[in-house]
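Engineer: I would like the atomic coordinates for the input below:
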Amino acid sequence: MENQSLIINGQNLEGDHGNIEIKSPWDLQTFASVASASKVQAENAVASSDEAFQTWRYSNLSDRMEIFTKAIKSLREEAEWLAQLLHKEIGKFEEDARSEINRSIDYMELMLSAMKHWKGNVYYGDIDPKYPRNKKTGIYSRVPLGVVLAISPFNYPINLSITKVAPALLSGNTVVLKPSTQGAYTSYEFYKHFTKAGLPNGVLNIVSGSSKEIGDPLLTHPLVKLIAFTGSTEVGNHIRKVSLGVPLLLELGGKDIGVVTENADLELAVKEIVKGAFSYCGQRCTAQKLALVHVSKYDEFTHRIAEETQKLELNPMIDESAADFVMELYIDATSKGADVKVSPNHESNKLSPAVVSNVNPEMRVFYEEQFGPLLPIGKYETEEELIKLVNGSPYGLQASLYTSNIDQAFRLADKIEVGTVQINAKPDRGPDNFPFGGVKDSGQLMQGTIETLDLMTRGKMVVVNT
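Structural biologist: Numbering: from 1, shown residues only. Prediction:
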């Protein structure tokens, strides 16, 4: 594979700090390399996007939509090749990589549809008796903010960048995209299709590199008008501290709890929780990261989970340190009395699924996000105890309630402090027309289609006096 260059103002530039090698999680061999930008190059990318904004903001919506339509056609033609790149770069099974690429292209089409229904309002002044009818009319519209800084993670580098890039560009903003290094190679290849489709220079700039070198210069740049970030809570909290009042769209970590009530369909609950906990090796903010089970269902549920888990074959973790952290939480839990139901095999970045039961809040894995293939199981007796345990989490992304009692489902859903409650299903970011987001350490604001368009623009009022 050749090296991917930075894309700044339509030019392919070598990184001032050379290149960064990317190792495939499958064999830890060098897969490709991407340019490593300097602070100056990152600042130039922002300046370029700001300059492009001065004309892009006034471009016809039909022209923007035509560029997206062309990009979609081009991406469809190379979707399989892009999926193969993604499969190798971030260690996803081919089917999952294919799903991410196709879903990302589908989201672009969804955004085109949303643009057709995005509208402003007209206000009439004659609500006030001192203004005769038609004397004062207000036209309220949404206008773009300027340069959007989009920062995407390794686990869904295409999907979690396009959900920022598409609404930003279509609403008239320009974008500087900083992809996670692992996932950057495929990101460059994906977004080259926008240039091919006629996107003007500077409207979308892409800079890869060390976060220590270019992170804060991008985050604190005075020309950045909105930061859209998906990643760890630790980095998200850093962004909150340094962003200096810039609007933030933060999608952070999760500790998505699966609640198995006394009324649960166990077959369904086991199926969904296993899938939710171990898909892509648990490296998802929406992974099912803790199960809390009513005492009446606890023994049977734990037995069934252990049986199903041992049948799984997982992809590798993104790197060795990620696997080591999961093992750290596993060792902590077992040293404090957790029962081992399925023990992990650990070698380098390869980690088989593990299940521990009898966990409690004294164990780190109860509230810390493991981001890997380890499912802890705890128990509860009363709904009051359950709500206290669930809402005691510092996270608040999603939760799942497994119950056949609809009254119980709505009663508990009303009390659980998260962005989304799934009833009888694992946590999930989609469908992509559904608003998605979290509270507490899981982020802020709900994103979607129209919702994201509103967040990436501001209101503007024009009052016509006749």
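Engineer: Sketch out the helices for the stretch 101-250 of the chain, chain order is fine.
Structural biologist: Remark: helices assigned in the stretch 101-250 of the chain by DSSP state H, counting those that start in this stretch are 159-170, 184-196, 211-219, 233-242.
Engineer: And this protein, what are its domain boundaries?
Structural biologist: 3-252+442-465, 256-431 (automatic domain parsing).
Engineer: how about the ones you listed in a markdown table, adding mean pLDDT and mean neighbour count?
Structural biologist: (C-beta placed from N, C-alpha, C; glycine too.) Below are the domains of the chain laid out as a markdown table (pLDDT from 0 to 100; neighbours: other Cβ atoms under 10 Å):
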| stretch | mean pLDDT | mean neighbour count |
| --- | --- | --- |
| domain 3-252+442-465 | 96 | 19 |
| domain 256-431 | 97 | 20 |
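Engineer: Skip the chain neighbours and tell me the closest residue to D50.
Structural biologist: L223 (4.4 Å; Cβ to Cβ, 6 or more residues apart in numbering).
Engineer: L374 touches D332, doesn't it?
Structural biologist: No. Using Cβ atoms under 8 Å, L374 is not in contact with D332; the gap is 10.9 Å.
Engineer: shared neighbours of those two, anything?
Structural biologist: V365 (Cβ atoms under 8 Å, 6 or more residues apart in numbering).
Engineer: Roughly how far does K350 sit from E313?
Structural biologist: For K350, the distance to E313 equals 11 Å [Cβ to Cβ, to the nearest Å].
Engineer: what residues do these two have in common as contacts?
Structural biologist: With Cβ under 8 Å, 6+ apart, K350 and E313 have no common neighbours.
Engineer: who touches stretch 358-368?
Structural biologist: 255, 290, 329-330, 332-333, 336-339, 356, 374, 376-379, 389, 392-395.
Engineer: repeat that with 7 Å
Structural biologist: Applying Cβ atoms under 7 Å, 6 or more residues apart in numbering, the contact partners of stretch 358-368 are 255, 290, 329, 332-333, 336-339, 374, 376-378, 392-394.
Engineer: One more: stretch 16-30?
Structural biologist: Taking Cβ under 7 Å, 6+ apart as the rule, stretch 16-30 contacts 3, 31-38, 40-41, 88-91, 181-182, 185, 209, 213, 316-319, 348-349.
Engineer: Out of the residues you listed, name the ones that lie in helices.
Structural biologist: 40-41, 88-90, 185, 213 (DSSP state H).
Engineer: and which of those is nearest T420?
Structural biologist: Set against T420, the nearest of these by Cβ to Cβ is I90 (24.7 Å).
Engineer: That closest one touches G183, doesn't it?
Structural biologist: Yes. Here I90 reaches G183: they are 5.4 Å apart, a contact under Cβ atoms under 7 Å.
Engineer: Which neighbours do those two have in common?
Structural biologist: 154, 157.
Engineer: Just to check, L13 is in contact with S36?
Structural biologist: No. Contact criterion Cβ under 7 Å: L13 and S36 do not qualify, at 11.3 Å.
Engineer: need the strands for the stretch 251-400 of the chain, in chain order.
Structural biologist: Assigned by DSSP state E, counting those that start in this stretch, the strands in the stretch 251-400 of the chain fall at 256-260, 288-294, 339-342, 346-347, 350-351, 354-357, 374-380, 395-396, 398-402.
Engineer: which residues are in contact with stretch 455-465?
Structural biologist: 135-145, 148, 167-168, 171, 173, 226, 249, 445, 447.
Engineer: Try it again at 8 Å.
Structural biologist: Residues outside stretch 455-465 that contact it (Cβ under 8 Å, 6+ apart) are 135-145, 148, 167-168, 171-173, 226, 228, 247, 249, 445, 447.
Engineer: Return the subset of those lying in strands.
Structural biologist: Under the assignment DSSP state E, these contribute 136-144, 148, 226, 228, 249 to strands.
Engineer: biggest separation within those residues, which pair?
Structural biologist: Farthest apart among the ones in strands among the contacts of stretch 455-465 by Cβ to Cβ are K136 and A228. That separation is 36.8 Å.
Engineer: ok, N12 to R133 distance?
Structural biologist: N12 is 59 Å from R133, by Cβ to Cβ.
Engineer: Check A264 too.
Structural biologist: 60 Å.
Engineer: Over to L252?
Structural biologist: With Cβ to Cβ as the criterion, L252 and R133 are 50 Å apart.
Engineer: Could you pull up the residues touching N102?
Structural biologist: With contact set as Cβ under 8 Å, 6+ apart, N102 has these partners: 79, 83.
Engineer: if you set the cut-off to 10 Å instead, what comes out?
Structural biologist: 75-76, 79-80, 82-83, 159 (Cβ atoms under 10 Å, 6 or more residues apart in numbering).
Engineer: Filter those down to just the ones in strands.
Structural biologist: Short answer: the contacts of N102 have none in strands (DSSP E).
Engineer: and the two most separated of these?
Structural biologist: E80 and N159 (16.6 Å).
Engineer: coming back round to it: now flag whichever of the contacts of stretch 358-368 is closest to L401.
Structural biologist: So of these, ranked by how close each gets to L401 (Cβ to Cβ), first place is L290, at 13.5 Å.
Engineer: which residues sit in contact with G15?
Structural biologist: By Cβ under 10 Å, 6+ apart, the neighbours of G15 are 3-6, 33-38, 41, 207-210, 213-214.
Engineer: one more time with 8 Å
Structural biologist: Contact analysis of G15 by Cβ under 8 Å, 6+ apart lists 5-6, 34-38, 41, 208-209.
Engineer: do the same with L218
Structural biologist: Taking Cβ under 8 Å, 6+ apart, we find L218 in contact with 42, 46, 149, 176, 178, 207, 224.
Engineer: For these, please prepare a markdown table with the additional fields distance to T302.
Structural biologist: Output for the contacts of L218, formatted as a markdown table (distance: Cβ to Cβ, whole Å):
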| residue | distance to T302 |
| --- | --- |
| A42 | 49 |
| V46 | 52 |
| L149 | 45 |
| V176 | 48 |
| K178 | 42 |
| V207 | 48 |
| V224 | 48 |
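Engineer: Of all pairs in the residues you listed, which one spans the longest distance?
Structural biologist: V207 and V224 (12.6 Å).
Engineer: which neighbours do those two share?
Structural biologist: With Cβ under 8 Å, 6+ apart, V207 and V224 have common neighbours 176, 218.
Engineer: before we move on, back to that, the residue nearest to D50 reaches L145, doesn't it?
Structural biologist: No. Judged on Cβ under 8 Å, L223 makes no contact with L145 at a distance of 10.9 Å.
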